[in-house]
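Asker: Show me how the following folds:
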Amino acid sequence: MKQTFNVAAVQMVTGISLAENLATAGRLIAQAASEGAHLVSLPEYFCLLGQKDTDKLAIAENDGSGPIQDFLADISSRHKIWLAAGSIPLKTQDPNRVFNTQLVFNPAGEQVVRYDKVHLFSFTRGEENYDESRAIAAGSEIKTFDCDFGRVGLSICYDLRFPEIYRAMGSVNLILIPSAFTYTTGKAHWELLLRARAIENQAYVLAAAQGGTHQNGRRTWGHSMLIDPWGEIVAVLPEHEGVVSGTIDTQRLSDVRQSLPALKHRIF
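Answerer: Next up, the predicted model:
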């Protein structure tokens, strides 16, 4: 196992054109890789934030095939990186709903794990209204995978508000939380929740976010960040597209867990 490992979160302001979004993602992934990242995470909905909730149905793919997955496999192998693909729409048996899925590719361009978002976001305040269940089917399984520096836990956006999903992962060194938090909820809760998940699980948290005003009029909070197992923010990007990077240090993980062995003290 490597003692140190460089990771990066890509922040985007995804638009309504799949081709343009993939081009932007490719450029930012290349930047992260050139800066030394061994693992790169894209944000939720990196490939499309359409005018309507149902726009994602038109680009939905079958698991294992399609232009979005081909792009991800090619770029991970080209840069020889682990690539966590935020979320893409995968087909379900219901033609009116997709899974909101995070796929992870290894440096050979092979898909190694699939996580379908479990918790579906809804929010209503005045004219601001969201309901992911209109076009998304919920997943039901918790997923992790093993990387060069240990185990990595997968989650997406609204999952962040449900700490039990992270405890159910067991011991992980890194938690990925690609997101598209709204400006309203992000301003209130984003940093607080991310730091809490890092502290209580004594793990690094890498949160790649959407950050800005999108073509469809939606505004997202941004503030992509890397947080260490003591809850300290290693790096953050408030708004606009860009790359947040930092280092996972397994010695730091060990020191935190030995000095405050909270995970060993669990009763329930």
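
Asker: Going by C-alpha atoms from here, please, whenever you check contacts or count neighbours.
Answerer: Will do.

Asker: Following element in sequence after the least confident helix or strand in the chain by mean pLDDT, please.
Answerer: Of all helical and strand segments in the chain, the minimum by mean pLDDT, DSSP states H and E falls on strand 128-131, at a mean of 80. The C-terminal neighbour of strand 128-131 among helices and strands, as given by DSSP states H and E, is strand 136-137.

Asker: Which strands or helices does the helix or strand just after that following strand pack on?
Answerer: Going down the chain from strand 136-137, the next helix or strand is strand 144-147, by DSSP H and E. Applying 3 or more Cα pairs under 8 Å, 6 or more residues apart in numbering; DSSP states H and E, we find strand 144-147 packed against strand 111-116, strand 150-154.

Asker: Distance to Asp70 added to those, as a markdown table?
Answerer: What follows is the helices and strands packed on strand 144-147, written out as a markdown table (distance: least, Cα to Cα, whole Å):
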| stretch | distance to Asp70 |
| --- | --- |
| strand 111-116 | 10 |
| strand 150-154 | 21 |
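
Asker: okay if I get those as JSON lines plus mean pLDDT, distance to Phe181 and mean neighbour count?
Answerer: As requested, the helices and strands packed on strand 144-147 are exported to JSON lines (pLDDT from 0 to 100; distance: least, Cα to Cα, whole Å; neighbours: other Cα atoms under 10 Å):
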{"stretch": "strand 111-116", "mean pLDDT": "98", "distance to Phe181": "18", "mean neighbour count": "19"}
{"stretch": "strand 150-154", "mean pLDDT": "98", "distance to Phe181": "17", "mean neighbour count": "21"}
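
Asker: Okay, and His189 sits in which element?
Answerer: Counting by DSSP H and E, the element that carries His189 is helix 183-201.

Asker: my bad, Val40
Answerer: strand 39-41.

Asker: ok, that strand: who's next to it in the sheet?
Answerer: With DSSP bridges as the test, strand 39-41 is paired with strand 4-11 (parallel), strand 82-84 (parallel).

Asker: ok, back up a step: which other helices and strands contact the helix holding His189?
Answerer: Packed on helix 183-201, when contacts are counted by 3+ Cα pairs under 8 Å, 6+ apart, are helix 163-167, strand 204-207, strand 219-221, strand 224-227.

Asker: Let me see the mean pLDDT of stretch 170-184.
Answerer: Taken as a whole, stretch 170-184 has a mean pLDDT of 97.

Asker: circling back: in the helix holding His189, what's buried?
Answerer: Buried positions in helix 183-201, judged by neighbour count with 16 or more other Cα atoms under 10 Å: 183, 186, 190-191, 193-201.

Asker: circling back to that earlier point, for Lys52, which of the helices and strands packed on helix 183-201 is the nearest?
Answerer: Among those, strand 219-221 comes nearest to Lys52, with 14.5 Å by Cα to Cα.

Asker: Give me the mean pLDDT for that closest one.
Answerer: Rounded mean pLDDT across strand 219-221 is 97.

Asker: Please give me every residue in contact with the spatially most central residue of the chain.
Answerer: In the chain, the residue lying closest to the centroid (Cα atoms, centre = their mean) is Pro178, at 1.9 Å. Neighbour list for Pro178: 41-44, 86-87, 155-157, 206-209 [criterion: Cα atoms under 8 Å, 6 or more residues apart in numbering].

Asker: Now the two most distant members of those.
Answerer: Maximum distance among the contacts of Pro178 (Cα to Cα): 14.7 Å, for Ser87 and Leu206.

Asker: Before I go, just wanted to say thanks for your time.
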